[in-house]
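*Asks:* quick one, structure for this:
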Amino acid sequence: MAIFSGSKSSLSNQKFTLTEGSEAKKSQNSEEEVFYMSCRAAYLSVFRSSLDSITSKEQLCLVLQQAGRNPSQKVLNKYWTSKTKGLNFDDFCVILKKENPATKTELLKAFQKIDPGNTGYILHEDLYKILTTRGEKMSQEEVKTIIRLADVNNHGRLDYNKFCRLFIATKEQCLKTAVEKLEADGKIRQQQFGSHAGKSPEGTASSASKPSPRTPKKTGLDSIPKKVDRSSRPSSARSYKASISSIISMGANSAKNSKLIEPNAIKEWQCAQSKGCFFLEENNEIITHRYRLHIPQKSTVHLTIKPLNLSQIEGKPSQWISVDTALYVLKEDDYEEDLQLVCFTELRNKETFGWKGEMGSGVYWLIPFTSGCRLRKKRKPVTAEAKLVYRDESKDLVLTKEFRAVLSDIFDIIDLDGNGLLSLEEYNFFELRTSGEKCDDDAWAVCKENFETKKNELTKQGFIDLNLMEANDREGDPDDLWVTLESMGYNRALEMAEACPFIIDIYAEKCKPRIKAASLEAGSGQLEKAICKSVILKGEAKVMDGYEHVIIHTYKSDTRITSVVENKSTNKVIIHVNNEQSKNCVSNRGLNTFAVEVPPKSQTVCQHVMPLNEHQEWIYNCVQNIIA
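*Replies:* Below is the predicted model of the structure:
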């Protein structure tokens, strides 16, 4: 039963920074342990083993309810489609990270929308009409079940304050009971995938992350499947069949050691440019733009990607400048089902990464990439919320100076071609990110009639005025404005903490290249394949002793180390990864120990590792074992 499943979700104010301190590591591991304990508790309250799979939509609904979620049919249909044959424990963990539990505040807001007088009560006849005719309609029996609750109904009315308290308390008690059962049953506890099997986390569990309030729709690259994260936390009770150790000592980087050199005559080459952005979701998934590149004829090409510095303060670079970036170039071929990896930007000059070489005529896909080592959720709390609007002496609504500056930066980010104007196509990428919907031609025509435009495109002033109109429509209520800002990566202090804008430059010696943004989406299977192929081609390979079908490939550059597990066997393998002896390092997994499941006849990215402080020496010391 889903109750007001369409109500807005708010982003969590908890942010965290990557740090070398033991207290930070302990806290991070504790949060992860609490989350995975809640996952296991919910899963094992329905199934006998965490190795069992979910085999129906009904089972998925039941196990999500055991985890304190209240899934609507829309949510269930998102994860269980006509093509779904089963979901394993790892898939379940991924879903829990994306689907945050409803809070009391969210439920109250949903009820208050249908109680404009704020009386605290809703007549049963009104409740029945709303729940059976609006949104995801409830059945008559479901509504009667709510009305029969004696503690929250009286004289033909629902006391929705009491109902919300009862709903949250029931949800929390359900999860608490499952966790207590897991802790009390030693046999069940042995089935967990945790690296601290004997430890019991303090308190009850909840999801470690929440999804952003807006989910962008996929608008291109339809042939590229979404990546499925199959990482899990391994049990310390498990034994290991084989082991490989990799120790790489890396020196401190210096801006003087540039390996990326521009061609001497590059100013005479023809250039194409586009901007884009990496957006960090609540579960640390990264959303980004994808591009189609057309090279009219064979030519020498020089392409680069780097973070976009929006800082207006001289000598103070934007905080996301240290985020690593890369471009993977894939060739579109009529005779191949998959896009073929051509190259990737592995040479570096400060924050710019690039590649130079020959490219034949044709169409290519450019897929931006960041490892996720430095673009991660921040723990730093926001002590004071910035003000977005105020009323002047005439009682007119005005945007604050700080908010206008942020809107100016957002305009510069979404102005992909950098011409100082927003086309409908550019504006729709912004709309997809912040509202999940596109602006159609009719709405765009109205927009152009009411706000400043040039050449049928929206100016920066027009974009700012559009946001002022939205504030006026809400009579100064900033909630929707914050939804937009948080979707664009800003926190409540108006700092861009969870996004990284970038700029791509394509130079061609003999022709005019053309680049166009095609979609805005999460990591794809094609990107995973491209990374695996690049590591296998350029990295060092080590065969698991006694398991010649399992190979660990390790690629290193001066800024990043990536490991890939190649499984040539006909059986899946689970690799336990231990980074505890590494120094001055951070993994994109966010854990010192974890496990990666590798399906038969496949390759999987194990982890990306970068230095916490690249001005100091860093040591990659990784032990990888096959779990028996």
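*Asks:* gap between the residue of the chain most remote from its centre and residue 261?
*Replies:* Going by Cα atoms, centre = their mean, the residue of the chain most distant from its centre is residue 155, 46.9 Å out. Using Cβ to Cβ, to the nearest Å, residue 155 is found at 81 Å from residue 261. In this view, the C-beta of every residue, glycine as well, is placed from N, C-alpha and C.
*Asks:* thinking again about what came up before, just the pLDDT for the residue farthest from the centre of the chain.
*Replies:* For residue 155, the model assigns a pLDDT of 77.
*Asks:* let's number from 328 now, not from 1
*Replies:* All right, first residue 328 from here; so that's residue 482.
*Asks:* just the buried positions in stretch 713-721, please.
*Replies:* Buried residues in stretch 713-721, counted by 16 or more other Cβ atoms under 10 Å: 713, 715, 716.
*Asks:* can you tell me which of those residues is nearest residue 931?
*Replies:* Closest to residue 931 out of the buried residues of stretch 713-721 is residue 713 (41.7 Å), distances taken as Cβ to Cβ.
*Asks:* residues contacting that closest one?
*Replies:* 727, 729, 730, 819, 820, 821 (Cβ atoms under 8 Å, 6 or more residues apart in numbering).
*Asks:* how about residue 590?
*Replies:* Residue 590 neighbours (Cβ under 8 Å, 6+ apart): 596, 627, 629, 683, 834, 836.
*Asks:* work out for me the element the third one sits within.
*Replies:* This points to residue 629. strand 626-634 (DSSP states H and E).
*Asks:* quick one on the thing from earlier: most neighbours of all the contacts of residue 713, which one?
*Replies:* The residue in these with the most neighbours, by other Cβ atoms under 10 Å, is residue 730 (23 neighbours).
*Asks:* pretty sure that one contacts residue 715?
*Replies:* Yes. When contacts are counted by Cβ atoms under 8 Å, residue 730 is listed as touching residue 715 (4.6 Å).
*Asks:* which neighbours do those two have in common?
*Replies:* Residues touching both residue 730 and residue 715 (Cβ under 8 Å, 6+ apart): residue 808.
*Asks:* buried set for the lengthiest helix in the chain?
*Replies:* Determined from DSSP state H, the single longest helix within the chain is helix 487-511. Of the residues in helix 487-511, 487, 489-492, 494-495, 498, 502-503, 505-506, 509 count as buried by neighbour count, 16+ other Cβ under 10 Å.
*Asks:* just stretch 755-762 next, same as before
*Replies:* Residues of stretch 755-762 classed as buried: 755, 756, 757, 758, 759, 760, 761, 762 (neighbour count, 16+ other Cβ under 10 Å).
*Asks:* cool, and stretch 591-599?
*Replies:* 596, 599.
*Asks:* repeat for stretch 688-703
*Replies:* The neighbour-count check on stretch 688-703 (16+ other Cβ under 10 Å) flags 689, 691-703 as buried.
*Asks:* for these, give me TSV that also has secondary structure, pLDDT and distance to residue 391.
*Replies:* Below are these laid out as TSV (DSSP: H, G, I helix; E, B strand; the rest coil; pLDDT from 0 to 100; distance: Cβ to Cβ, whole Å):
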residue	secondary structure	pLDDT	distance to residue 391
689	strand	92	45
691	strand	95	41
692	strand	94	35
693	strand	96	37
694	strand	96	32
695	strand	97	33
696	strand	96	31
697	coil	96	31
698	coil	94	31
699	coil	92	26
700	coil	93	31
701	coil	91	32
702	coil	91	29
703	coil	85	26
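*Asks:* export the residues you listed to CSV and tack on distance to residue 803?
*Replies:* Output for those, formatted as CSV (distance: Cβ to Cβ, whole Å):
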residue, distance to residue 803
689, 53
691, 48
692, 44
693, 42
694, 41
695, 37
696, 41
697, 37
698, 41
699, 37
700, 40
701, 37
702, 33
703, 34
